[in-house]
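Asker: Sharing a sequence plus its predicted fold:
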Amino acid sequence: MEMDNKTDIKSLYLPELEECMRQRGEKAFRAKQIFQWMHEKLVTDFDEMTNLPASLREKLKETCTLTALTPVDVKVSAIDGTRKYLFGLADGNVIESVWMKYHHGNSVCISSQVGCRMGCRFCASTLDGLERNLTPSEMLDQIYRIQTLTGERVSNVVVMGSGEPMDNYDNLIRFVRLLSGEKGLNISQRNITVSTCGIVPGILKLSEEDLQITLALSLHAPSDEVRKTLMPIANRYALKDVLSACRTYFEKTGRRLTFEYSLVRGVNDNLEEARALTALIKDLHGHVNLIPVNPIKERDYVQSGRKAIEDFKNYLEKNGINVTIRREMGRDINGACGQLRKSYLDHEKEG
Ligand SMILES: C[S@@+](CC[C@H](N)C(=O)[O-])C[C@H]1O[C@@H](n2cnc3c(N)ncnc32)[C@H](O)[C@@H]1O
Ligand code: SF4
């Protein structure tokens, strides 16, 4: 966890931080104090760590970084209070995160990479490719900053913002363990969902981690043929292998799966596809989340009509599949994931 030869201490597990303190000639209990300042009190500056001697704070400033994202912009939905944050990173990159209020608590959707290299056809996050992976501390700090800015506790986290989490695997795992750790925000692993476009080795590895998180698979089509037209990753991993990996995840963890299915008019939304989808996942005990595709100006995909969406849902339901239509949160604030960042970058280029 070295950045510019400085240690990214917010990405360290407690025993690693203790070792880091020992190397600097400090007592191990200092690590506990610092860990608490970072992960419970959510401070953004070493000078706020008031129970540390000034000399240690200076030493930390010289040799360590304390990741703290800077809010660049926030859009608040007049419809449902959803907030979309644009955060600046230390290297000048920007990322977006979303805060949503549900009756069961507050949920944050975080980005796992700056951009994405997976190239899904309807997704704004991938239009400029992948810039870089986010560090564990940059993933955590999206939640920490939002909790501080809203003043409200976050109880659910979904890794469904820009980026493919399995393409940043080690940082993702560290992030999940720090976020759910007893000495951090202590968010239950059952309230953490990781969404993937279907990277088979990543899913299999995740099933061995002894984690209780929910796995969401971006399925989007019941056949390789249609899936390939929407998601280039389908050329690498066949559906039968992706679903077999999902089955392994379910068997190893006991966690029910979520299948995301973005409905695109005339592409994947007819009843023939609903039938094929039912056959494909029937014995996987999963839950289908239908997402009316959110059109982006760079592509010409169109959202399915209300009736087609309802018919699709009813077909699945009648055939024993647990299904919901995703409520469109923050419809009025540049909806699709990656779009706020994209319009910010385009504006910067023009300016
Ligand atoms: C942005 S991705 C991030 C997580 C991961 N990379 C994945 O693909 O599952 C989260 C979900 O949003 C969906 N998505 C992306 N762009 C969308 C759009 N314009 N309309 C509807 N859903 C979209 C993706 O297909 C995926 O199911
Ligand atoms: S849908 Fe997910 S994997 Fe596909 S380009 Fe967007 S962020 Fe990447």
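Answerer: Cool, got the structure. Numbering: from 1, shown residues only. Ligands and ions are numbered 1, 2, ... in the order given.

Asker: make it CA atoms for all contacts and neighbour counts henceforth
Answerer: Fine.

Asker: Who are the contact partners of the spatially most central residue of the chain?
Answerer: Against the mean C-alpha coordinate of the chain, by Cα atoms, centre = their mean, the closest residue is V159 at 1.6 Å. Applying Cα atoms under 8 Å, 6 or more residues apart in numbering, we find V159 in contact with C109, I110, S111, S112, P165, I192, T193, V194, S195.

Asker: Report the contact partners of the fifth one.
Answerer: By that I understand P165. The contact partners of P165, by Cα under 8 Å, 6+ apart, come to S112, Q113, V159, L172, V194, S195, T196.

Asker: Give me the buried entries from those residues.
Answerer: Buried members of the contacts of P165, scored by 16 or more other Cα atoms under 10 Å, are S112, Q113, V159, L172, V194, S195, T196.

Asker: Dump those to JSON lines, plus pLDDT.
Answerer: Listed next are the buried ones among the contacts of P165 as JSON lines, based on pLDDT from 0 to 100:
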{"residue": "S112", "pLDDT": "98"}
{"residue": "Q113", "pLDDT": "98"}
{"residue": "V159", "pLDDT": "98"}
{"residue": "L172", "pLDDT": "98"}
{"residue": "V194", "pLDDT": "98"}
{"residue": "S195", "pLDDT": "98"}
{"residue": "T196", "pLDDT": "98"}
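
Asker: Keep only those that also lie close to ligand 1.
Answerer: Among the buried ones among the contacts of P165, the residues that sit close to ligand 1 (Cα under 6 Å from any ligand atom) are S195, T196.

Asker: Nearest to ligand 2, out of the buried ones among the contacts of P165: which one, please.
Answerer: Closest to ligand 2 out of the buried ones among the contacts of P165 is T196 (6.6 Å), distances taken as Cα to the nearest ligand atom.

Asker: What distance do you get for the residue nearest to the centre of the chain to M49?
Answerer: From V159 across to M49, the span is 30 Å (Cα to Cα, to the nearest Å).

Asker: before we move on, back to that, name the nearest of the contacts of V159 relative to ligand 1.
Answerer: Once Cα to the nearest ligand atom is applied, the member of the contacts of V159 that ends up nearest ligand 1 is S195, at 4.2 Å.

Asker: So which bits of this structure are right by ligand 2?
Answerer: The interface of the chain toward ligand 2, taken as Cα under 6 Å from any ligand atom, is made up of C116, M118, G119, C120, C123, S125, T126, S162, G163, E164, C197.

Asker: mind listing which of the contacts of V159 are in strands?
Answerer: C109, I192, T193, V194, S195 (DSSP state E).

Asker: JSON lines please, covering the buried ones among the contacts of P165 and showing distance to V43.
Answerer: Shown next, in JSON lines, are the buried ones among the contacts of P165 (distance: Cα to Cα, whole Å):
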{"residue": "S112", "distance to V43": "22"}
{"residue": "Q113", "distance to V43": "23"}
{"residue": "V159", "distance to V43": "23"}
{"residue": "L172", "distance to V43": "22"}
{"residue": "V194", "distance to V43": "26"}
{"residue": "S195", "distance to V43": "29"}
{"residue": "T196", "distance to V43": "31"}
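
Asker: before we move on, back to that, near ligand 1 too, which of the residues of the chain next to ligand 2?
Answerer: The subset of the residues of the chain next to ligand 2 within reach of ligand 1, by Cα under 6 Å from any ligand atom, is C123, S162, G163, E164, C197.

Asker: looking at those, which has the most residues close by?
Answerer: Within those, G163 tops the neighbour count with 31 neighbours, counted by other Cα atoms under 10 Å.

Asker: So which bits of the protein are right by ligand 1?
Answerer: Checking the chain against ligand 1 by Cα under 6 Å from any ligand atom, the hits are 122-123, 160-164, 195-197, 218, 260, 262, 291, 293-295, 336-337.

Asker: Just give the nearest non-adjacent residue to D45, would you?
Answerer: Distances taken as Cα to Cα, 6 or more residues apart in numbering place L66 nearest to D45, at 7.0 Å, with adjacent residues excluded.

Asker: Report the separation between the one you found and ligand 2.
Answerer: The gap separating L66 from ligand 2 is 27 Å, by Cα to the nearest ligand atom, to the nearest Å.

Asker: Is that residue in contact with K10, as I believe?
Answerer: Yes - using Cα atoms under 8 Å, L66 is in contact with K10, at 6.2 Å.

Asker: Those two: which is more packed in?
Answerer: Under the neighbour definition other Cα under 10 Å, L66 and K10 were set side by side, and K10 has more, 25 against 19.

Asker: where does K297 sit relative to ligand 2, distance-wise?
Answerer: 15 Å.
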